[in-house]
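**Student:** Attaching a predicted model along with its sequence, questions to come.
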Amino acid sequence: MPSELIHEFMRIDHLPHIWCPGCGNGVIMRDVAVAIQELMDDPEVKLNREKVVIVSGIGCSSRAAGYMDFNSIHTTHGRAIAFATGIKFAKPELEVIVLTGDGDCSAIGGNHLIHAARRNMGLTVVTFNNDIYGMTGGQYSPTTPAGDKATTAPYGSLDRPFDIAQLAAGAGATFTARGSVYHVRETIDLIKQGIRHKGFSLIDVYSVCPTYYGRKNHKGGPVEMLRWQKENMVPTARYYAMSEEQKAGKLLVGTLTHSEYPEYTDEYDKLVKRVQAEMAGR
Ligand SMILES: Cc1ncc(C[n+]2csc(CCOP(=O)(O)OP(=O)(O)O)c2C)c(N)n1
Ligand code: SF4
């Protein structure tokens, strides 16, 4: 991260951070900071930093909320979206951004995820998806690929993994996208689109955890894990120019679904006004 950005957006007194060398979390945290900065500088948007709230749960990735110098809250494991929903309800004018791990948002927090998506709550969720529980020692998570190893699956996981973006889209999210720590520029742009989208948006960012997922599954170090993303994840323009054969086994980096539907706090406000008018007319 350039030093101006560190001084502008980081709580220097919270450093050094806890992340392992080669972890993807710092890259995604920077993507979020750059996305915010670019939206603050964009004359069409003029995002007000004072209106940005960053909410996280618990996990290595969730530490980002503590390191970022915004109105931020580091909550409890699995409850980031629940806290964020409460904040958005209390002050709908705030731009509420959730930073969450794959375990945090799709295991213990799975119900909060699907119901916030179903309601189309005006939140932007950025998942730091490293396919494992990093903080607690490498247990498998709902995104661990079937057959891959984890502390709790020493012979390989039997479970079929979730595609978090598909899960959110199926539950009603109106903007879903996939990014990666290799595809920095694309991921920043997707986060910006998610913040600008009115309604529930989720950007599933594929991260790397060399310490647990990489080591247990012989994926090499951070460089090899990033190389995998470079070779197997394809940005939109190139992806759609590929033949079906070329697309086999490749993952799109870009917008996955985008639709319009009334945002929940707007609808709630209308409901309150309608009921107040009815009561006043009695
Ligand atoms: C209610 C509750 N259950 C379990 C835990 C233990 N715990 C802390 S972090 C974590 C998993 C974190 O995994 P993930 O959300 O994928 O984030 P990562 O550490 O990989 O970034 C667990 C199970 C807890 N703190 N609170
Ligand atoms: S355990 Fe994994 S996710 Fe946690 S800081 Fe280390 S590399 Fe990152």
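**Tutor:** Alright, I've got the coordinates. Residues are numbered from 1 along each chain as shown. Ligands and ions are numbered 1, 2, ... in the order given.

**Student:** how about the residue of the stretch 151-282 of the chain found nearest ligand 2, what does it touch?
**Tutor:** Closest to ligand 2 within the stretch 151-282 of the chain is Cys209: 3.2 Å, counting by Cβ to the nearest ligand atom. For every residue, glycine as well, the C-beta is placed using N, CA and C. Contacts for Cys209 (Cβ atoms under 8 Å, 6 or more residues apart in numbering) come out as 20, 23-24, 60, 130-132, 134, 138.

**Student:** Same list, those residues, but only the ones touching ligand 2.
**Tutor:** Residues of the contacts of Cys209 in contact with ligand 2 (Cβ under 6 Å from any ligand atom): 20, 23, 60, 130, 134.

**Student:** How confident was the prediction at the most centrally placed residue in the chain?
**Tutor:** In the chain, the residue lying closest to the centroid (Cα atoms, centre = their mean) is Val126, at 1.3 Å. For Val126, the pLDDT comes out at 98.

**Student:** same thing with the one 3 residues further on?
**Tutor:** Asn129 is assigned a pLDDT of 98 by the prediction.

**Student:** Low-confidence ranges, this protein, go.
**Tutor:** Counting by pLDDT under 70, the chain has low-confidence residues at 1-3.

**Student:** sorry, back to before: check the contacts of Cys209 for burial and list the buried ones.
**Tutor:** Using 16 or more other Cβ atoms under 10 Å as the burial test, these include 23-24, 60, 130-132, 134, 138 as buried.

**Student:** which of the residues you listed sit farthest apart?
**Tutor:** Gly24 and Gly138 (15.2 Å; Cβ to Cβ).

**Student:** and the stretch 101-250 of the chain, which residues reach ligand 1?
**Tutor:** 101-104, 108, 128, 130, 132-136, 141.

**Student:** Which of those fall within helices?
**Tutor:** 102-103 (DSSP state H).

**Student:** returning to that earlier point: what about the contacts of Cys209, which are in strands?
**Tutor:** Among these, the residues falling in strands (DSSP state E) are Ile132.

**Student:** mind putting the contacts of Cys209 in a markdown table, distance to Asp266 included?
**Tutor:** Shown next, in a markdown table, are the contacts of Cys209 (distance: Cβ to Cβ, whole Å):
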| residue | distance to Asp266 |
| --- | --- |
| Cys20 | 42 |
| Cys23 | 38 |
| Gly24 | 35 |
| Cys60 | 35 |
| Asn130 | 34 |
| Asp131 | 36 |
| Ile132 | 37 |
| Gly134 | 37 |
| Gly138 | 42 |
